[in-house]
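J.: okay, predicted coordinates and the sequence, questions at the end:
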Amino acid sequence: MDKIAVVDTTFARINMGHFARDELSKCEGHGERFEIISKTVPGFKDLAVECKRLIEIDGAKIAIALGMPGKADIDQVCAHEASQGIMAAQLMTNTHILEVFVHENETDSADELRRVCEDRARKHAKNAFWILYAPEELAKRAGQGVRQGFEDAGPVA
Amino acid sequence: MDKIAVVDTTFARINMGHFARDELSKCEGHGERFEIISKTVPGFKDLAVECKRLIEIDGAKIAIALGMPGKADIDQVCAHEASQGIMAAQLMTNTHILEVFVHENETDSADELRRVCEDRARKHAKNAFWILYAPEELAKRAGQGVRQGFEDAGPVA
Amino acid sequence: MDKIAVVDTTFARINMGHFARDELSKCEGHGERFEIISKTVPGFKDLAVECKRLIEIDGAKIAIALGMPGKADIDQVCAHEASQGIMAAQLMTNTHILEVFVHENETDSADELRRVCEDRARKHAKNAFWILYAPEELAKRAGQGVRQGFEDAGPVA
Amino acid sequence: MDKIAVVDTTFARINMGHFARDELSKCEGHGERFEIISKTVPGFKDLAVECKRLIEIDGAKIAIALGMPGKADIDQVCAHEASQGIMAAQLMTNTHILEVFVHENETDSADELRRVCEDRARKHAKNAFWILYAPEELAKRAGQGVRQGFEDAGPVA
Amino acid sequence: MDKIAVVDTTFARINMGHFARDELSKCEGHGERFEIISKTVPGFKDLAVECKRLIEIDGAKIAIALGMPGKADIDQVCAHEASQGIMAAQLMTNTHILEVFVHENETDSADELRRVCEDRARKHAKNAFWILYAPEELAKRAGQGVRQGFEDAGPVA
């Protein structure tokens, strides 16, 4: 059975991994074609190596890396480092790792932050599923201004 | 038959991959010497690994990676990460990947944005063709201030 | 017996490695299941290669890299380079390296700086232990806004 | 016969590769000990992989990569990415690649821009020759404030 | 006999390599346990690959890379690229490379610049010696606020 990896952090202030796992569990073939493996690491700079381990050691076919950069300036630098690590891990493994970062400063509202986290995590979980099993779903949305976390921007008018 | 890979995104608000494929389909040898393979990924940070997969797993000889960074500050950081990934993918595969990014904030006009996308995508598709099959076309334009998306700057007067 | 590596610097103005080693020495299995190996390098840009050497040459299963960036602007650039190196070392070895950096400018108080160093070093030492031997401790704290150095931010209200 | 690679771009507004090749053709051993191989790529972000290909596939012993970043802010980011690529290509091949970038905004004068391009390209071509065949020429200039493009800064008074 | 590599540049305005070699020549075991190998490259972005060559081709056990970034803004970006290259070279070779950079703008005084260069170069030469042959000298200075170029900051009061 294929494996889809979900990795999140103790640093995030919302359980982002839950949304990703829940969405995947509703996708066709869950428990038959693919199963979910999951891991939690301290912070988002630990995501890249954990995803790489789950791909190379545990055999995951794709990974979803979820993190929540804080509000401080230094958090933006750290997020950049975490992203570069996720990029490198993808290239070293020839495997997609979908980065699902929600910056705590994207909104001032706790409710909206939760909505952004859930929407972004669920949509990227679906993207991971499509990359593996239904690439035509992505192909038909090419250039459509698709967004995760907020409403689609849509194609240029 | 050689393969030329075209990879675009669902995030972009204009179907950039279409222009690249259309231009390649008019190049000499299409369908005989080379064919086009194509893939759509969610965002531009997913381009690098997809190009690398198409090169290493599917055997593409060159790739064209098309993306449209948004207007937010964070989009510029992400574009930088995406570009570094494309750079790394090239070096790891010894294969050219032409990056065709059109920043949404290059212009305020929807019409001009479309023109920039089409022009840049078509010209880089031609560049990809020349790199593979007609390097002398590039050599004779060395230092000529050639541009994609806008008019050539031309040589220094 | 497993090895946990602790690497610190002569540049730091507080003996951060001491706190990490002390915490690890209180963890279950110290001296039986795992032992601590330790090294001091001049500055934080020397941490990455030393951690990699302790992992690849000495066989450490995980590493803790402790450093204290100074107050100057150039120190922030150097910290970024040091972090990128630690990220790369993790990916090249498929091994976690927990980065424990305390920026000298996080606080103006010498006492608080000491408290931050001790708290962050001890908590990440415990994180290293959990990653190796008790990943369920991390999993149950997913999305809980856990912090090192300061109080937990906690989950979004 | 050894090969020295010269790679330039169609983006540059001055034929920088010409100066490098001309200088190399006057160096001792040209046509006997070494020959020049040359390639033109679209932009400076394509330089790194082309140099790496000429080193690894065509057997070049050293490469000279010439580019001209434009005046826009985004050009500075791209130049940084191009430089990082050239750095990585060197490390992956254990081969020197001399980066000869002339920023279009180094001067407002077209004449001076041409002089800078010619001077920098010629001097780095000579440096490439010295690295391969006369390292003592470099050793005796250690710490002498040598510059390319402009006059030497000279040693600190 | 072990080899310690010293690499400097023609760009620097002070002969930094001289200080490093002089210091090493006074260390115990010089000429018996270890010898110095030395190379000069044009600029600091050429240091990383040269150090890597001396490690991998000539067998150096450690390297010291000395450079002097200029005063212009672009020099800071280049210094960052040079540092990232040195970091990568260390990780690719599992070998320490001590970066000894003196920014020309660290001081306005030519005399002080010379003192900084000499002090930093000599102290890092000693650090290189200690890493190889006397790691306990570093261990006992852990967290002591040791500096090179200027006076030690000392431990936090």
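T.: Okay, I see it.
J.: so for stretch A:49-61, what's the average pLDDT?
T.: For stretch A:49-61, the mean per-residue pLDDT is 98.
J.: nope, stretch A:130-142 is what I meant
T.: 98.
J.: one more: stretch A:107-115?
T.: 95.
J.: tell me how far that stretch lies from the chain's centre.
T.: Distance of stretch A:107-115 from the chain centroid (Cα atoms, centre = their mean, to the nearest Å) equals 18 Å.
J.: by proximity to chain C, which residue of chain A wins?
T.: residue A:15 (3.3 Å; Cβ to the nearest Cβ). Where C-beta positions appear, they are placed from N, C-alpha and C, glycine not excepted.
J.: tally of neighbours for the residue nearest to that residue when sequence neighbours are not counted?
T.: With sequence-adjacent residues excluded and distances taken as Cβ to Cβ, 6 or more residues apart in numbering or on different chains, residue A:15 is closest to residue C:143, at 3.3 Å. Look at residue C:143: counted by other Cβ atoms under 10 Å in any protein chain shown, it has 23 neighbours.
J.: and chain A, which residues reach chain D?
T.: Contact residues, chain A versus chain D (Cβ under 8 Å from any Cβ of the partner chain): none.
J.: now the helices: where do they sit in chain A?
T.: Along chain A, the segments classed as helices by DSSP state H run A:16-25, A:47-56, A:73-93, A:110-133, A:135-139.
J.: quick one: which of those is nearest residue D:150?
T.: Residue D:150 lies closest to helix A:73-93 among the helices of chain A, at 33.5 Å (Cβ to Cβ).
J.: once you drop chain neighbours, what's closest to the one residue in chain A that gets nearest to chain D?
T.: Residue nearest to chain D within chain A: residue A:84 (10.9 Å; Cβ to the nearest Cβ). Using Cβ to Cβ, 6+ apart and skipping the chain neighbours, the partner closest in space to residue A:84 is residue B:81 (6.0 Å).
J.: do any residues in stretch A:145-154 lie close to chain B?
T.: Yes - using Cβ under 8 Å from any Cβ, stretch A:145-154 comes into contact with chain B via A:145, A:146, A:147, A:148, A:153, A:154.
J.: what residues sit buried inside that stretch?
T.: A:145, A:146, A:147, A:148, A:149, A:153 (16 or more other Cβ atoms under 10 Å in any protein chain shown).
J.: next, the contact list for the closest residue to chain B within chain A, please.
T.: Residue nearest to chain B within chain A (Cβ to the nearest Cβ): residue A:143, separated by 3.3 Å. The neighbourhood of residue A:143, defined by Cβ atoms under 8 Å, 6 or more residues apart in numbering or on different chains, consists of A:155, B:8, B:9, B:10, B:12, B:13, B:14, B:15, B:16, B:17, B:18.
J.: quick one, phi psi at it?
T.: For residue A:143, the backbone dihedrals (degrees, to the nearest 10) come out as phi 70, psi 20.
J.: count of residues packed around residue A:25?
T.: Quick note: residue A:25 (other Cβ under 10 Å) scores 12 neighbours.
J.: what's near enough to touch it?
T.: So residue A:25 contacts A:31, A:36 (Cβ under 8 Å, 6+ apart).
J.: what pLDDT does it get?
T.: 98.
J.: residue C:139 versus that one, what's the distance?
T.: If you measure residue A:25 against residue C:139 using Cβ to Cβ, to the nearest Å, the figure is 17 Å.
J.: same check, this time on residue A:93
T.: 23 Å.
J.: what pLDDT does residue A:157 get?
T.: Value listed for residue A:157 in the pLDDT field: 83.
J.: any idea how far chain E is from it?
T.: With the distance defined as Cβ to the nearest Cβ, to the nearest Å, residue A:157 ends up 38 Å from chain E.
J.: again, but for residue A:4
T.: From residue A:4 to chain E the distance is 30 Å (Cβ to the nearest Cβ).
J.: and if you look at residue A:8?
T.: When residue A:8 is compared with chain E (using Cβ to the nearest Cβ), they lie 27 Å apart.
J.: count of residues packed around that residue?
T.: Neighbour tally, residue A:8, other Cβ under 10 Å: 32.
J.: now a ChimeraX select for only the buried ones of the contacts of residue A:143.
T.: In ChimeraX, this line selects whichever of the contacts of residue A:143 come out buried by 16+ other Cβ under 10 Å:
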select /B:8,9,10,12,13,14,15,16,17,18
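J.: what about the contacts of residue A:143, which are in strands?
T.: B:8, B:9 (DSSP state E).
J.: OK, contacts around residue A:60?
T.: Applying Cβ under 8 Å, 6+ apart, the residues near residue A:60 are A:3, A:4, A:5, A:37, A:51, A:54, A:95.
J.: by neighbour count, which of these wins?
T.: Highest neighbour count within the contacts of residue A:60: residue A:51, with 30 neighbours (other Cβ under 10 Å).
J.: where's the closest residue to that residue other than its chain neighbours relative to residue C:151, distance?
T.: Computed as Cβ to Cβ, 6+ apart, the closest residue to residue A:51 that is not its neighbour in sequence is residue A:63, at 4.1 Å. Distance of residue A:63 to residue C:151, computed by Cβ to Cβ: 31 Å.
J.: next one: residue A:13
T.: From residue A:13 to residue C:151 the distance is 13 Å (Cβ to Cβ).
J.: related to what we said a few turns ago, of residue A:93 and residue C:139, which one has the most company?
T.: Remark: of residue A:93 and residue C:139, residue A:93 carries more neighbours, 19 against 16, as counted by other Cβ under 10 Å.
J.: that one contacts residue A:56, correct?
T.: Yes - counting by Cβ atoms under 8 Å, residue A:56 is a contact partner of residue A:93 at 6.1 Å.
J.: surely residue A:107 meets residue A:117?
T.: No - contact criterion Cβ under 8 Å: residue A:107 and residue A:117 do not qualify, at 10.3 Å.
J.: of the two, who's got more company?
T.: Neighbour count, other Cβ under 10 Å: between residue A:107 and residue A:117, residue A:117 has more, with 26 against 16.
J.: tell me how many other residues surround residue A:115.
T.: Other residues close to residue A:115 by other Cβ under 10 Å number 14.
J.: got it, and the one 5 residues further on?
T.: Taking other Cβ under 10 Å as the criterion, the count of residues near residue A:120 is 22.
J.: how about it: what's its closest non-neighbour residue?
T.: Per Cβ to Cβ, 6+ apart, closest to residue A:120 is residue A:149, 3.7 Å.
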